[in-house]
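S.K.: return a 3D structure for these sequence lines:
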Amino acid sequence: MQTISEKVSVSLVDNIPTSISWRNRDYKITKVGLHHTYLEGKILVHIFSVLSNDLFLKLKFNTKYLTWILMEIDQT
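M.R.: Numbering: from 1, shown residues only. I've put the predicted structure just below:
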């Protein structure tokens with residue numbers, strides 16, 4: 001598992017991530033696994049664990065600033 005912590009662009013359908021753009025590449029999300037929320041102070045944060053074929057990605061969405069962060073990546 002590799003820690004990344006970089007901003008990414010995420011496309012959504014019905015509030016579910018469907019693709020990620022990172023480092024000039026697009027990754028189609030093939031499966032959404034776990035999703036949970038927590039508070040960072042007063043800011044609601046969403047965490048999504050997703051697969052793009054054989055690539056595991058962990059995404060963080062900050063609801064105050066509407067930013068997506070790719071937190072971790074790993075080959076499955």
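S.K.: the closest residue to Thr37 other than its chain neighbours - how many residues pack around it?
M.R.: Excluding the flanking residues, the one nearest Thr37 by C-beta to C-beta, 6 or more residues apart in numbering is His46, at 5.3 Å. Quick note: C-beta positions are derived from backbone N, CA and C, even for glycine. When neighbours are counted by other C-beta atoms under 10 Å, His46 registers 16.
S.K.: I'd say His46 and Thr67 touch.
M.R.: No: in this structure, His46 is not within contact of Thr67 by C-beta atoms under 8 Å, at 11.3 Å.
S.K.: so where's this protein uncertain?
M.R.: Along the chain, segments meeting pLDDT under 70 are nowhere present.
S.K.: kindly recompute the last result at 80.
M.R.: Applying pLDDT under 80 to the chain flags residues 76.
S.K.: how about the strands in it?
M.R.: Assigned by DSSP state E, the strands in the chain fall at 2-13, 16-22, 25-28, 31-40, 43-52, 55-62, 67-75.
S.K.: okay then, goodbye and thanks.
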